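Undergrad: Generate a structure from the sequence data that follows.
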Amino acid sequence: MHKLIIEKIPKKDNAIIYFIMAIPICFLIFCFSRSAIFGPSTVELIQQDNLMEHFHGKIDSLYFDRENHNVKYAESKNKDKYPIFRNWEAYIQLGDSLSKNKNSFKLEIFKRNGSKIVFDYRDNYKKVQ
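TA: Here you go, the predicted structure:
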C-alpha cells in the first residue's frame with residue numbers, strides 16, 4: 001500500500017518533498033560542522049567553566065555525587081558546593097577552608113593546622129606523555 005501512495009505522487013512533487021526534507025538535515029550538518037571546526041575545544045570550555053567558579057568557605061561536609069559521575073564535592077555551611085578533582089581529594093579534608101576566586105586558576109586550601117596548599121587548575125589539563 002505504501003508503494004502505491006508513492007507511485008501516485010508525480011516525480012516533480014517527490015523531488016520537492018525530498019528537497020524540503022533535506023534542507024533541515026543540511027542545516028544541522030552545517031551547524032555541527034561549523035561549531036566543531038571554529039568553536040572552542042573541550043579543554044577550552046572546561047577552562048572557561050573553571051575560571052567562572054567562585055568559592056570561599058570552610059568545608060562542613062564532603063560527599064560523592066553518584067548522579068554526576070561520582071565526583072567528590074566539598075560543601076560549606078551556607079550550602080555552597082565545590083567539585084574536587086580526583087588528584088586533589090587526598091589533600092582536602094573536613095574543617096579546611098577553600099578559597100577560589102572567579103577568573104583565577106588558583107585554589108588555596110587553608111588547613112586546620114595553619115598550613116596552606118595552593119593548586120593550579122592548569123596542572124589538570126596537561127597531557128600525560
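Undergrad: how's this structure carved up into domains?
TA: 2-38, 54-124 (automatic domain parsing).
Undergrad: most neighbours per residue, which of these?
TA: domain 54-124 (a mean of 14; mean count of other CB atoms under 10 Å). For glycine as for every other residue, the C-beta is placed from the backbone atoms N, C-alpha and C.
Undergrad: Tell me where the model's unsure across the chain.
TA: 1-7, 126-129 (pLDDT under 70).
Undergrad: Report the separation between residue 58 and residue 113.
TA: 14 Å (CB to CB, to the nearest Å).
Undergrad: distance between the top helix by length along the chain and the chain's centre?
TA: Longest helix in the chain by number of residues (criterion: DSSP state H): helix 11-38. Relative to its chain's centre, helix 11-38 lies at 29 Å (CA atoms, centre = their mean, to the nearest Å).
Undergrad: now the domains of the chain in CSV, with distance to residue 44?
TA: Conversion of these to CSV gives the following (distance: least, CB to CB, whole Å):
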stretch, distance to residue 44
domain 2-38, 12
domain 54-124, 12
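Undergrad: Determine which of those approaches residue 48 most closely.
TA: domain 54-124 (10.4 Å; CB to CB).
Undergrad: Give me the distance between the two termini of the closest one.
TA: Domain 54-124 has an end-to-end distance of 18 Å (criterion: CA to CA, to the nearest Å).
Undergrad: which secondary structure element contains the residue nearest the centre of the chain?
TA: Centre of the chain computed as the mean C-alpha position; nearest residue by CA atoms, centre = their mean is residue 46, 5.7 Å away. Residue 46 belongs to helix 42-52 when assigned by DSSP states H and E.
Undergrad: Quick check: the gap between the residue nearest to the centre of the chain and residue 115.
TA: Counting by CB to CB - residue 46 and residue 115 are separated by 29 Å.
Undergrad: before we move on, what about residue 108?
TA: 11 Å.
Undergrad: cool, residue 44 as well?
TA: 33 Å.
Undergrad: thinking again about what came up before, excluding sequence neighbours, find me the nearest residue to the residue nearest to the centre of the chain.
TA: Of all residues not flanking residue 46 in the chain, residue 125 sits nearest, at 7.4 Å (CB to CB, 6 or more residues apart in numbering).
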